[in-house]
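Engineer: please work out how this folds:
(one chain, ligands or ions: 1)
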Amino acid sequence: MGTTRVLQITDSQTGLSYEIPVVDGAIRAIDLRQIKVSDDDFGLLSYDPAFLNTASCRSAITYIDGDQGILRYRGYPIEELAGQASFLDVAYLLLHGELPGKDESAGWADEITHHTFVHENVKKFIDGFHHDAHPMGILVSTIAALSTFYPEAKAVSDQARQHEQIVRLIAKMPTLAAFAYRHAMGLPYAYPDNELSYTGNFLNMMRKMSEPRYAPNPVLEQALDVLFVLHADHEQNCSTSTMRVVGSSQVDPYSAAAAAAAALFGPLHGGANEQVLRMLGEIGSVGNVPAYIERVKRGELRLMGFGHRVYKNYDPRATIIKKVADQVFEVTGRNPMLDVALELERIALADDYFIRHKLYPNVDFYSGIIYQAMGFPVAMFPVLFAIGRMPGWLAQWQEGTTDPEQKISRPRQLYVGQGLRHLDGTAQVRR
Ligand code: ACO
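Structural biologist: Down below sits the predicted model:
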């Protein structure tokens, strides 16, 4: 902990030198404020639109090395967790820092299972949405609406209250997601079956028709569980940062999670898997791939499911997903879009443009193909992502609430607008 490394800065304007401590590979941006050209100068700011080089917190949850394609939750490689730890155990790991023991795992699963039902009024306002409402829009709204059912959630620093809301949010996500889907399909809502696993129950609420009891296909149940694990956290991405930023105002976690889900909805984030399927449909066949790649290289469009702010190597989740795809296709039959995707990947990875820009498939490139083979409509893809990501949002939010350095998030700006001017037309030269 700590280091004696110091950054020496000399201001060419004043000739003054400063020593800025470097700790854990970073300087504190606030240390730059002492660098002034005059006494009434505000001090030097760092300018970092889109936070390309700014650490916004200290976190002990998820580690990513984007150059090497490494992803670890609480130190465990994603390759070991996926398939060996259930999604609920991974949620526990993210939240508590350790994997649960056998009894803890059973107790945690039991606790989650007993909070899967939602208030009957939730159904009423889902009914109010238009028949073609996007399920992600319904999900975002219903997550926010849960705050009205649990006003005690405002006590964000009360550990016991925090735990209650964490359990509710993880438990109710599949129910809200499935209800949003059933509404869009004009189907009656299917209630949770507490005899099933977390993921098995989600499939039940999605699929159950007139049969007395729905039995999920174990291969698909396991595959979806692995997909949830792969999506469970990804450190300070757009939606997680949103969760932390909104949470820093000390609003209840339902409101913060709704904001995070809204951020996830965007096509550059969790909406990308939806865009990948649309893109593959547009390409249509393997023969059309080279022409499409040329359009991407001309800058006419982006190859959806490719590229990542952090990974400049193969996204490790994409590697695991490709294996899951094989298992799923054995049950569902091969998705014809897979051939188009494989050809896109083959050509792109050998192409100079993609090599130069370090563009590799990300988690969204193959997840949509699996979801589609499993029978999920494209609009449900970001919803599935949100179910998986909820434990990560909550773990990061929880960490933020106990961080002694956390204050309300409030970036600075570089004002580039008009100087002082008056309605009578007079103006002052901008300072
Ligand atoms: N297709 C073609 N070119 C691309 C792509 C792509 N998918 N992604 C980036 N580039 C190019 C850009 O045109 C730019 O080129 P230039 O330097 O010649 O102008 C360069 O690579 C850098 O791109 P940026 O947009 O600056 O990179 P950034 O880190 O901001 O963007 C992002 C990352 C948003 C993921 C981007 O790669 C993208 O739009 N990908 C497609 C959408 C996608 O798959 N999103 C899912 C991300 S994963 C997730 O959220 C789970």
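
Engineer: pull out the buried positions in the lengthiest helix in the chain.
Structural biologist: Ordering each helix of the chain by length in residues (DSSP state H) puts helix 159-185 first. Applying a neighbour-count criterion of 16 or more other CB atoms under 10 Å, one finds 161-162, 164-184 buried in helix 159-185. Yep, even glycine has a C-beta here, placed from its N, CA and C like the rest.

Engineer: and for stretch 49-68?
Structural biologist: Applying 16+ other CB under 10 Å to stretch 49-68 flags 57, 59, 61, 62, 64 as buried.

Engineer: pull the contacting residues for residue 243.
Structural biologist: Applying CB atoms under 8 Å, 6 or more residues apart in numbering to residue 243 gives the contacts 256, 257, 259, 260, 393, 396, 397.

Engineer: could you work out the most separated pair of those?
Structural biologist: Farthest-apart pair in the contacts of residue 243 is 259 and 396; separation 12.9 Å (CB to CB).

Engineer: out of these two, which sits in the more crowded spot?
Structural biologist: Ranked by neighbour count (other CB atoms under 10 Å), residue 259 and residue 396 place residue 396 first, with 27 against 21.

Engineer: which pLDDT value does the model give the more buried one?
Structural biologist: Looking at residue 396, its pLDDT is 98.

Engineer: hang on, isn't residue 303 packed against residue 359?
Structural biologist: Yes - counting by CB atoms under 8 Å, residue 303 does reach residue 359; the two are 7.1 Å apart.

Engineer: which residues are in contact with each of these two?
Structural biologist: By CB under 8 Å, 6+ apart, residue 303 and residue 359 have these common neighbours: residue 348.

Engineer: pull out the buried positions in stretch 267-277.
Structural biologist: Neighbour counts over stretch 267-277 (16+ other CB under 10 Å) mark 269, 270, 271, 272, 273, 274, 275, 276, 277 as buried.

Engineer: just the endpoints, please. Distance across it?
Structural biologist: End-to-end span of stretch 267-277 (CA to CA, to the nearest Å): 12 Å.

Engineer: so which bits of the stretch 251-400 of the chain are right by the ligand?
Structural biologist: Counting by CB under 6 Å from any ligand atom, the residues of the stretch 251-400 of the chain close to the ligand are 268-270, 272, 296, 302-309, 357, 359, 362-364.

Engineer: now do the contacts for the residue in the chain positioned nearest to the ligand.
Structural biologist: Using CB to the nearest ligand atom, the single residue of the chain nearest to the ligand is residue 307, 2.4 Å away. Going by CB under 8 Å, 6+ apart, residue 307 touches 357, 359, 360, 362.

Engineer: tell me the confidence at the third one?
Structural biologist: Among the per-residue scores, residue 360 shows a pLDDT of 91.

Engineer: can you show me the strands along the chain?
Structural biologist: Remark: strands assigned in the chain by DSSP state E are 6-10, 17-21, 62-65, 70-73, 76-77.

Engineer: return the most buried member of those.
Structural biologist: Stretch with highest mean neighbour count among those: strand 70-73 (a mean of 21; mean count of other CB atoms under 10 Å).

Engineer: what lines up beside that one in the sheet?
Structural biologist: Applying DSSP bridges, strand 70-73 is found paired with strand 62-65 (antiparallel), strand 76-77 (antiparallel).

Engineer: can I get these in a markdown table including distance to residue 130?
Structural biologist: Conversion of the strands paired with strand 70-73 to a markdown table gives the following (distance: least, CB to CB, whole Å):
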| stretch | distance to residue 130 |
| --- | --- |
| strand 62-65 | 37 |
| strand 76-77 | 43 |
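
Engineer: can you put those strands in a markdown table and add mean pLDDT and distance to the ligand?
Structural biologist: A markdown table is the format used below for these (pLDDT from 0 to 100; distance: least, CB to the nearest ligand atom, whole Å):
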| stretch | mean pLDDT | distance to the ligand |
| --- | --- | --- |
| strand 62-65 | 97 | 12 |
| strand 76-77 | 98 | 19 |
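
Engineer: among those, which is nearest residue 387?
Structural biologist: Of all the strands paired with strand 70-73, it is strand 62-65 that lies closest to residue 387, at 17.8 Å by CB to CB.

Engineer: so what's residue 115 up against?
Structural biologist: Each residue near residue 115 by CB under 8 Å, 6+ apart is listed here: 167, 168, 171, 172.

Engineer: just flag the most distant two among these.
Structural biologist: 167 and 172 (9.3 Å).

Engineer: thinking again about what came up before, return the subset of the residues of the stretch 251-400 of the chain next to the ligand lying in helices.
Structural biologist: Among these, the members found in helices (DSSP H) are 272, 296, 363, 364.

Engineer: which one (most neighbours) among these?
Structural biologist: residue 364 (28 neighbours).

Engineer: what number of residues lie near the residue nearest to residue 161 when sequence neighbours are not counted?
Structural biologist: Sequence neighbours aside, residue 155 is the residue nearest to residue 161 in space, at 4.4 Å (criterion: CB to CB, 6 or more residues apart in numbering). Other residues within reach of residue 155, judged by other CB under 10 Å, total 15.

Engineer: from residue 259, how far out is residue 155?
Structural biologist: Distance from residue 155 to residue 259, counting by CB to CB, to the nearest Å: 19 Å.

Engineer: chain neighbours aside, what residue packs nearest to residue 55?
Structural biologist: Spatial nearest neighbour of residue 55, chain neighbours left out: residue 26 (5.6 Å); criterion: CB to CB, 6+ apart.

Engineer: next one: the one you found, what pLDDT does it get?
Structural biologist: 97.

Engineer: and it, how many neighbours?
Structural biologist: The local packing of residue 26 (other CB under 10 Å) involves 12 other residues.

Engineer: show me the beta-bridge partners of it.
Structural biologist: Applying DSSP bridges to residue 26 gives these bridge partners: residue 23.

Engineer: which regions of the stretch 301-431 of the chain lie under the pLDDT threshold?
Structural biologist: 429-431 (pLDDT under 70).

Engineer: quick one, helices of it?
Structural biologist: With DSSP state H, counting those that start in this stretch as the criterion, the stretch 301-431 of the chain has helices at 316-332, 337-350, 352-356, 363-373, 381-401.

Engineer: check which helices and strands the longest one is in contact with.
Structural biologist: Helix 381-401 makes packing contacts with helix 87-96, helix 135-149, helix 159-185, helix 218-231, helix 238-247, helix 253-264, helix 272-283, helix 363-373 when contacts are defined by 3 or more CB pairs under 8 Å, 6 or more residues apart in numbering; DSSP states H and E.

Engineer: before I go, just wanted to say thanks for your time.
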